[in-house]
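Asker: Below: sequence and its predicted model.
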Amino acid sequence: MARIALITVCLLLVGVWVHPYVSGAFERPPVVAKAPVPVDSDASRAEASVDGSPLKTFKGREGFWRVAKAENGVWWFVSPTGERQFLNTVTTVQPFQTGRDKDGVHFVSRDWNGSVSTYDGDLKAWAEKTMARVQGAGFKGLGAWSHPIFHEMDVPITRDLNVWKHYNADNYRLYSADWESYGDALMAKLVGPLANNKNLVGYFIDNELDWSDASVGPCMHFDGLTPEDPNKRVVIQTIKSIWPTLEAYNAAWNTTLKDFAELDTLPKLNREPAEAYAKLFDVWLDKLATRYYEVTTRLIRKHDPNHLILGVRFAGFAPPAVVRASAPYTDAQSINYYPADGKLDPDMFAQTYAASDMPIMITEYSFHALDGRSGNRNTFGFQAQVPDQQARAQGYAEFTSRLAKVPYIIGADWFQWSDEPASGRNADGEDVNFGIVDVDDQPYEKLIEAVQQTGPKLNGLHAASHVASSDVWRESFATKPVARVLKLDRPPRINGNLSDWSEMQRLPGVRTTQTVGYDRNPAPQPNVYLGWREEGLYLAFEVFDESIQSAPADGRWWTRDHVEFWISTRPTGKDQQVYDANAHQFFFVPNERPSEGVLGVVGQWHRPGDAIAANLIPHTEIIQQARVMPDRYVTEMFIPARALHGWDPHNAPEIAFNLHARNFELAADYFWSAPKELYTQARPNTWGTLVLSSGQFALGN
């Protein structure tokens, strides 16, 4: 989502800063190993021996922080003095954080005696007081983007280098001539001074890089470039490695090239047929990611051979090709992960661990709510919104404990220490109730109590993680649902009334994301109706919502109440990670511009590879009518065949489909085939199957 681009801009502006940890201060003394503990007993797990199984496989240099795998399969952080730790930390501990409204309320630490715009106060005194509070709250140290003064303290530190984001537009592409030389000078500056710091755990190379086709795909390294550009040359070399003869290339791409030299003169790379481009993207991503990891890690280790390299902080989903490419070069994987249900995706994490054979850190996670004291309205659309502060505390305790129960997860960084200013942080406007403390630096008592009670258990829980736990994983969505859509004998009336629809046309299996705390105040699930005719697809949505709060359809609509749904006019394969011309993302925003008499807007969001050139808002070819009532809203729509690229119900009766509906105020999300936690908006392989039935159905029966 747009969050990826926005947060990386923020990180550029914030700069490259560090984090601390307590080296062994919270370590329990070793005890005699006991019999296997019950699977789901946190109390028993917490009493397990940290040193019950000898360490066998080490990564890192002795005398500095390392990671190691015990004989029982449990991975650990290992301190310079040999102590095992499951590290729980908190990010972004700063004296202040300014908001966009220069005259508004900013976060200012109560321990800070300087100004709110420059670091002109007593940083050391501030750091000592604040660090005592951080540790008192139950954290072993600090995560990313904390002030570098903490390097001077006896706490473990991780550091985000933001390597790729230091490059400017002229040399942003990885194969640019000066990419490596610039990187060499950059590493000398960023990591050289820390090479002998015993408190530094290691480096994250980057944060939330966008590994999608839109950001790093072959088109981005080909389109508009001269034939001599090294990026374009590498794309052409990659093409030739897949299709080494003209005959093979022409057959795959439906072209009639007479010489490969003709590729040099193409202003834009072909994206069709979709199968050929998908194959090129897969090979290209492996090639590009391998070069990225090889160059960056080599340069880091040139200037600092002592510290761990902890990955790139994937944004919610770890692309398998990128993980595989990293395996020879890094010491760990790192993922920023915001699950509303407080559980882990079994498929992604198992796949990531299998592809890398290295431990994993959760480098951002958090739960936020609308009842925080700072006035945050959470307009950025982060996952893991929960109903209230009680649920935030519950989320911390449950999710952090679950992480410790996974043998290959070795640490967790809560994002962040303070709430963001209500006007949005100055860098990018992000305005979320993330904090352990509010903007007045007052603690959220329930959340801190949860951290204090959970922290002392984590090493014990992790020591027992070789015993499987039943409550860590959400269900797998690898098996996708299938439903039948009936052909209609006549078009329904598109008037925002459901009287034309029957139970037989209702989509079965719409589900609720099990958001932490949602069970205390649940809402009815939406009703979804579908029908088809040769001229197109008919849909109706009935969403129960007593307080509609929407964002503009031409803005960040996904942050508030909405329905979005995805249609591919062909089934999607299990490995399809990109859009093709048959894939579509549609959305409906209720009550948009009510003063103008518009009760809702339907649009199509452009994804690279689909059949449109830009977002269509509103979508003028879709017929839609909505009604807004005290406890719900209803929309009916007709999507004509001309707006569904590849629509061919008789010859291709199986189509792919998923939906997501959001009730913002209740922190409730609904889906059909897969939830947003699986990044279904970017992954067509998570969509289920609709079978367009040939049997005609009479409306109203």
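Answerer: Sure thing, it's come through.
Asker: which residues of the stretch 401-550 of the chain score low on pLDDT?
Answerer: Counting by pLDDT under 70, the stretch 401-550 of the chain contains no low-confidence range.
Asker: show me where it has strands.
Answerer: Taking DSSP state E, counting those that start in this stretch to define them, one finds strands in the stretch 401-550 of the chain at 409-414, 482-488, 511-512, 527-533, 536-544.
Asker: who touches the first one?
Answerer: I take that to be strand 409-414. 19, 67, 75-77, 85-91, 139, 143-144, 158, 332, 349, 359-366, 396, 400, 403-404, 436, 451, 462 (Cβ atoms under 8 Å, 6 or more residues apart in numbering). C-betas here are computed from N, CA, C, even on glycine.
Asker: what's the closest non-adjacent residue to I617?
Answerer: Leaving aside its chain neighbours, I617 sits nearest to G603 (3.8 Å; criterion: Cβ to Cβ, 6 or more residues apart in numbering).
Asker: Three-state assignment for that neighbour, please.
Answerer: At G603 the chain is in strand, as set by DSSP: H, G, I helix; E, B strand; the rest coil.
Asker: Quick check, pLDDT for it.
Answerer: Looking at G603, its pLDDT stands at 98.
Asker: For the longest helix along the chain, the averaged confidence score.
Answerer: Of all segments of type helix in the chain, defined using DSSP state H, the longest is helix 274-303. Helix 274-303 carries an average pLDDT of 95.
Asker: what are the phi and psi angles of G136?
Answerer: G136 adopts backbone torsions of phi -60, psi -30, taken as degrees, to the nearest 10.
Asker: so who does it touch?
Answerer: So G136 contacts Q452 (Cβ under 8 Å, 6+ apart).
Asker: What number of residues are in the vicinity of Q452?
Answerer: Burial measure for Q452: 13 neighbouring residues, criterion other Cβ atoms under 10 Å.
Asker: how near is it to G460?
Answerer: Look at Q452 and G460: by Cβ to Cβ, to the nearest Å, they are 16 Å apart.
Asker: same check, this time on V578
Answerer: Applying Cβ to Cβ to V578 and G460 gives a distance of 43 Å.
Asker: Equivalent analysis for E364, please.
Answerer: 25 Å.
Asker: P218 too?
Answerer: Applying Cβ to Cβ, the value for P218 to G460 is 49 Å.
Asker: Then N113?
Answerer: For N113, the distance to G460 equals 40 Å [Cβ to Cβ].
Asker: which one of E364 and G460 has more residues nearby?
Answerer: Taking other Cβ under 10 Å, E364 and G460 do not tie; E364 has more neighbours (27 against 23).
Asker: Surely that one forms part of a strand?
Answerer: Yes: read with three-state DSSP, E364 is one of the residues of a strand.
Asker: in terms of contact, does it touch G316 like I think?
Answerer: No: counting by Cβ atoms under 8 Å, E364 does not reach G316; the two are 9.4 Å apart.
Asker: which residues are in contact with both of those two?
Answerer: Residues touching both E364 and G316 (Cβ under 8 Å, 6+ apart) are 336-338.
Asker: Out of these, who's the most crowded?
Answerer: Neighbour max across the shared contacts of E364 and G316 (other Cβ under 10 Å) = Y337, 27 neighbours.
Asker: how close does it get to A354?
Answerer: The value you get for Y337 to A354, if Cβ to Cβ is used, is 18 Å.
Asker: Likewise for F399?
Answerer: 23 Å.
Asker: Which one's more surrounded, these two?
Answerer: F399 (27 against 11).
Asker: Check for me that that one belongs to a strand.
Answerer: No: going by three-state DSSP, the assignment for F399 is helix, not a strand.
Asker: Next one: it from A641, what distance?
Answerer: From F399 to A641 the distance is 45 Å (Cβ to Cβ).
Asker: repeat for S241
Answerer: For S241, the distance to A641 - Cβ to Cβ - is 39 Å.
Asker: try V234
Answerer: Per Cβ to Cβ, V234 is found 40 Å from A641.
Asker: quick one: the helices in this structure?
Answerer: 2-14, 42-46, 123-136, 179-190, 213-216, 230-242, 246-253, 274-303, 320-326, 346-356, 389-404, 445-454, 458-463.
Asker: between those helices, which gets nearest to D103?
Answerer: With Cβ to Cβ as the criterion, D103 lies closest to helix 2-14 of the helices of the chain, at 20.4 Å.
Asker: Let me see the contact set for the residue nearest to A583 when sequence neighbours are not counted.
Answerer: Of all residues not flanking A583 in the chain, S568 sits nearest, at 4.4 Å (Cβ to Cβ, 6+ apart). Applying Cβ under 8 Å, 6+ apart, we find S568 in contact with 580, 582-584, 655-657, 684, 687.
Asker: Give me the pLDDT for S568.
Answerer: 98.
Asker: From the opening residue of stretch 238-258 to its closing one, how far?
Answerer: Terminal residues of stretch 238-258 lie 19 Å apart, using Cα to Cα, to the nearest Å.
Asker: do stretch 494-502 as well
Answerer: 15 Å.
Asker: Nearest to L299, out of the strands of the stretch 401-550 of the chain?
Answerer: Nearest of the strands of the stretch 401-550 of the chain (Cβ to Cβ): strand 409-414, 24.6 Å.
Asker: in the chain, which ranges drop under the pLDDT threshold?
Answerer: In the chain, residues with pLDDT under 70: 1-51, 169-171, 592-596, 695-701.
Asker: most neighbours per residue, which of the strands of the stretch 401-550 of the chain?
Answerer: strand 409-414 (a mean of 27; mean count of other Cβ atoms under 10 Å).
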